[in-house]
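> What follows is a predicted structure for the sequence shown.
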Amino acid sequence: MEHRLVLFFVLAENQKIKSANSLLIVGGGPTGVELAGEIAVDFPDKKVTLVHRGSMLLEFIGRKAGKMALDWLTSKKIEVILGQSVDLDSVSDGVYRTSGGEIITADCHFVCTGKAISSLWLGETYLKNSLDMHGRLMVDANLRIKGQKNVFAIGDITDIPEIKQGYLAQRHALVAAKNLKLLMAGGKEHKMATYTPASPLAIVSLGRREAVAQIFGITISGCIPGMIKSRDLFVGKTRRQLGLKT
């Protein structure tokens, strides 16, 4: 049933794009940029407008990557409006108004803005003193929540100083699982595995063949980074990791 619901949602969103002549994308992070890029390549005749409240796209990896993404999107005739937001509560008959007073007409919109960490409920639990000022759980090098002996945390909820990405959460999980097994077997704490924060690494797809990437402080764009991610968005790699057929 869960898979059917996901498939239904994907097909519905795809049909939403196909039936629209003009689309508005709110948010210029990786999700917004990748969505805009795919629409531009698959449906080049559609009018696409992307609005981002920040002063540049892809702020999480740097100005150079943002400029590369901006140049690529504008080359595909996507209108990019920076430094403004959209009031989605006042939409009327497909007419949207930005915080800068601009009027955008679109048949549909997609919200691709980041969401706050859903950790408010932890403030009412015994872990309330383990939260930092941003609502993230403070963990030590073993990914153990500070102040706890046998409680671990992984993923975006942690205060690990690195970009919040799915593949890093998988790395966290391997370390946490190893340490849980050790403790359950009565092993010594000094033998617990440690986690080292990853260096900034990000690849954002630009259509089906190209991408912009920041790897070890170097920013590149084009077909080479596109070969790494854009062909299948790491679906094949993830399936292999799960023991499934590619």
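Alright, I've got the coordinates.

> In this structure Lys64 contacts Thr219, no?
Yes - if you go by C-beta atoms under 8 Å, Lys64 and Thr219 touch, sitting 4.4 Å apart. The C-beta positions use only the backbone N, C-alpha and C, and glycine is treated the same way.

> of the two, who's got more company?
Thr219 (19 against 16; other C-beta atoms under 10 Å).

> Pull out the buried residues from stretch 96-112.
Residues of stretch 96-112 classed as buried: 96-98, 104, 106, 109-110, 112 (neighbour count, 16 or more other C-beta atoms under 10 Å).

> got JSON lines for those residues, with distance to Ser199 and pLDDT too?
Shown next, in JSON lines, are the buried residues of stretch 96-112 (distance: C-beta to C-beta, whole Å; pLDDT from 0 to 100):
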{"residue": "Tyr96", "distance to Ser199": "39", "pLDDT": "95"}
{"residue": "Arg97", "distance to Ser199": "41", "pLDDT": "94"}
{"residue": "Thr98", "distance to Ser199": "36", "pLDDT": "94"}
{"residue": "Ile104", "distance to Ser199": "38", "pLDDT": "96"}
{"residue": "Ala106", "distance to Ser199": "39", "pLDDT": "96"}
{"residue": "His109", "distance to Ser199": "35", "pLDDT": "94"}
{"residue": "Phe110", "distance to Ser199": "31", "pLDDT": "95"}
{"residue": "Cys112", "distance to Ser199": "26", "pLDDT": "93"}
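
> So which of the residues you listed belong to strands?
96-97, 104, 109-110 (DSSP state E).

> which residues of the chain fall in helices?
2-19, 30-42, 63-75, 166-184, 223-229, 235-241 (DSSP state H).

> Domain parsing of this protein, as residue ranges.
22-113+200-242, 121-191 (the TED database).

> Go through these and name the closest to Gln15.
domain 22-113+200-242 (10.6 Å; C-beta to C-beta).

> Any regions of this protein where pLDDT drops low?
Counting by pLDDT under 70, the chain has low-confidence residues at 1-9, 246.

> For the residue sitting furthest away from the middle of the chain, give its distance to Val151.
Within the chain, the residue lying farthest from the chain centre (C-alpha atoms, centre = their mean) is Gly186, at 37.9 Å. For Gly186, the distance to Val151 (C-beta to C-beta, to the nearest Å) stands at 18 Å.

> hang on, Asn142 packs against Val175?
Yes - taking C-beta under 8 Å as the definition, Asn142 is a contact partner of Val175 at 7.4 Å.

> Give me the common contacts of those two.
193-195 (C-beta atoms under 8 Å, 6 or more residues apart in numbering).

> Just the buried ones from these?
Tyr195.

> Can I get the domains of the chain in CSV including distance to Val10?
Converted to CSV, those look like this (distance: least, C-beta to C-beta, whole Å):
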stretch, distance to Val10
domain 22-113+200-242, 13
domain 121-191, 18
